[in-house]
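Asks: The following block contains a protein sequence and its predicted model.
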Amino acid sequence: MSGWHALIASGTTPKMIENESQIRFIGYGGMLMESLVAMMAMIAASVIHPGIYFAMNSAAGVIGTDPAHAAQVISAWGFVVTPDMLTQMAHNVGETTIMSRTGGAPTLAVGMASILSSFLGGSALTGIWYHFAILFEALFILTTVDAGTRVCRFMIQDLIGNVMPGFRATESWVNNIIGSGIACALWGYFLYQGVIDPLGGIWTMWPLFGSANQMLAAIALILCTVVLFKMKRERLAWVTIVPTAWLVLCTVTAGLEKVFSPDIAVGFVSHARKFGAAASAGQILAPAKTLHEMGRIVFNDYLDAGLAGLFAAIVVTMVVYGMIDARRAWHTPRDTTAEIGPLRAMATGDD
């Protein structure tokens, strides 16, 4: 269940197909290929030594930046690894270090390099395979960001178009450039906030991204449920209602937990209060090194808490209005799938 894919399938893909007969091939076939990529990623992660895996996916604030200290910390977790293993792996893939390379892409690249070099080229080509995988992932990410920016531009133009109808004209280059600039500024801001966050963007932004993606999936299923009612196919609505209920329950609960949980490892607000209290007392908590960085962590925590609460509120709002629309469609004797009435051409002397 992915809200991202729902957005792309509804906002971008329809603009690239020639006719409806291609929808199933592209949509279902794309999901099959996505599943194969996921399987490949799991296999790649599984072939990596556990100690090296945790060295790559743990923040510098947890394991440090020195291979000897990192090896000591990770070995204490029960995954014995030596400093030489960490430095040798970095040398094999052509990097100065592989520690704290969070985000998944380096892990997949190291795993793919280990697999591919084992039957083609040996250790001499490990670095080549690693950078080939990194290039493959970079191209994938670029096209993903491109598609996401385009969908965001559609939404921005539609939203602003409620106040300025002319802004909805997508054939206007001026409108498109302004809309694209706003979209890039929005996601660029969060990217920047993650980069300057002492905890690392993966620790603050990733939980928010994960819950938001599943919330989008819940919204997509809500819309599908309403469409079924409008098509007078209520008997099939359980197919979407069941996963919708499960996703709404999970995502809203998770969103509220991220806001209000007293556990500082879970709740953004409780984490912000801890660092805020320490900063007020003049204390500096790791991984922050200055009071300015302490303030940055607090600001990002409250920003994430506000967004998590906003996302949960949007989902609940969609559920309420979805139920209202579904009930209205249920009590209407005919299907109500058309958003506007039939358009008839004006009669002219040339007809």
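Replies: Sure thing, it's come through. Just so it is clear, the model here is predicted, and its values are computed rather than measured.
Asks: What pLDDT does the model give the residue most central in space within the chain?
Replies: Most central in the chain under Cα atoms, centre = their mean is Phe209, positioned 4.4 Å from the mean C-alpha point. Turning to Phe209, the model gives it a pLDDT of 79.
Asks: Please, which helix or strand holds it?
Replies: With elements delineated by DSSP states H and E, Phe209 resides in helix 201-230, which encompasses its position.
Asks: what separates that helix from the chain centre, distance-wise?
Replies: Per Cα atoms, centre = their mean, to the nearest Å, the displacement of helix 201-230 from the mean C-alpha position of its chain is 10 Å.
Asks: Which strands or helices does it pack on?
Replies: Contact here means 3 or more Cβ pairs under 8 Å, 6 or more residues apart in numbering; DSSP states H and E; on that basis helix 201-230 packs against helix 3-11, helix 173-196, helix 238-260, helix 291-330. Any C-beta I mention is one placed from the backbone N, CA and C, and that applies to glycine too.
Asks: closest one to Thr336 among the ones you listed?
Replies: Among the helices and strands packed on helix 201-230, helix 291-330 comes nearest to Thr336, with 5.3 Å by Cβ to Cβ.
Asks: just checking, what packs against the closest one?
Replies: The elements that helix 291-330 packs onto, with contact taken as 3+ Cβ pairs under 8 Å, 6+ apart, are helix 173-196, helix 201-230, helix 238-260, helix 268-280.
Asks: low-scoring pLDDT stretches of the stretch 51-200 of the chain, where are they?
Replies: 200 (pLDDT under 70).
Asks: And the helices in it?
Replies: Per DSSP state H, counting those that start in this stretch, the stretch 51-200 of the chain carries helices over the ranges 60-63, 67-76, 83-92, 105-119, 126-160, 173-196.
Asks: Dump those to JSON lines, plus mean neighbour count and distance to Pro50.
Replies: Written out in JSON lines, the entries for the helices of the stretch 51-200 of the chain read as follows (neighbours: other Cβ atoms under 10 Å; distance: least, Cβ to Cβ, whole Å):
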{"stretch": "helix 60-63", "mean neighbour count": "17", "distance to Pro50": "14"}
{"stretch": "helix 67-76", "mean neighbour count": "17", "distance to Pro50": "8"}
{"stretch": "helix 83-92", "mean neighbour count": "18", "distance to Pro50": "11"}
{"stretch": "helix 105-119", "mean neighbour count": "20", "distance to Pro50": "12"}
{"stretch": "helix 126-160", "mean neighbour count": "16", "distance to Pro50": "19"}
{"stretch": "helix 173-196", "mean neighbour count": "14", "distance to Pro50": "27"}
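Asks: Now those in a markdown table, please, with extra columns for distance to Ser270.
Replies: Output for the helices of the stretch 51-200 of the chain, formatted as a markdown table (distance: least, Cβ to Cβ, whole Å):
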| stretch | distance to Ser270 |
| --- | --- |
| helix 60-63 | 18 |
| helix 67-76 | 25 |
| helix 83-92 | 34 |
| helix 105-119 | 30 |
| helix 126-160 | 31 |
| helix 173-196 | 20 |
